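[1] 3D, please:
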Amino acid sequence: MASEPVKLTTQPDEGQAVKVSAVGDLTLHGVTKRVTIPMDARLSSGQIELVGSLQFPMSDFAIDPPNVAGVVTVEPDATLEFRLLLQRS
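    Modelled structure (predicted):
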């Protein structure tokens, strides 16, 4: 995902979560779309934790929702969730 820098508008206190957004290109199934993903950023014990999710229609990325003989079906929207821990090396 090519991205723009994530901008913090305030300096969070230790353990405090702040709302940020990541903007970039998401590629799934050979299709690339520009997305904005809302995240919570938290500073804890010298690490930055980023937690976010993005819900999107699978059709936006040319993905057909699985369907097994009409018995098992999947909703047409998918959710991408992640948790990143960043620390200095």
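[2] Pick out the residue nearest the middle of the protein.
    Ser53 (4.1 Å; Cα atoms, centre = their mean).
[3] Isn't that residue up against Ala78?
    No - applying Cβ atoms under 8 Å, one finds Ser53 not in contact with Ala78, separated by 10.5 Å. For glycine as for every other residue, the C-beta is placed from the backbone atoms N, C-alpha and C.
[4] any idea of the pLDDT on the residue in the chain sticking out farthest from the centre?
    Most distant residue from the mean C-alpha position of the chain: Ala69, 31.6 Å away (Cα atoms, centre = their mean). In this model, Ala69 is scored at 85, pLDDT.
[5] May I see the buried residues of the host helix or strand of the residue nearest to the centre of the chain?
    Using DSSP states H and E, Ser53 maps to strand 47-57. Neighbour counts over strand 47-57 (16 or more other Cβ atoms under 10 Å) mark Ile48, Glu49, Leu50, Gly52, Leu54, Phe56 as buried.
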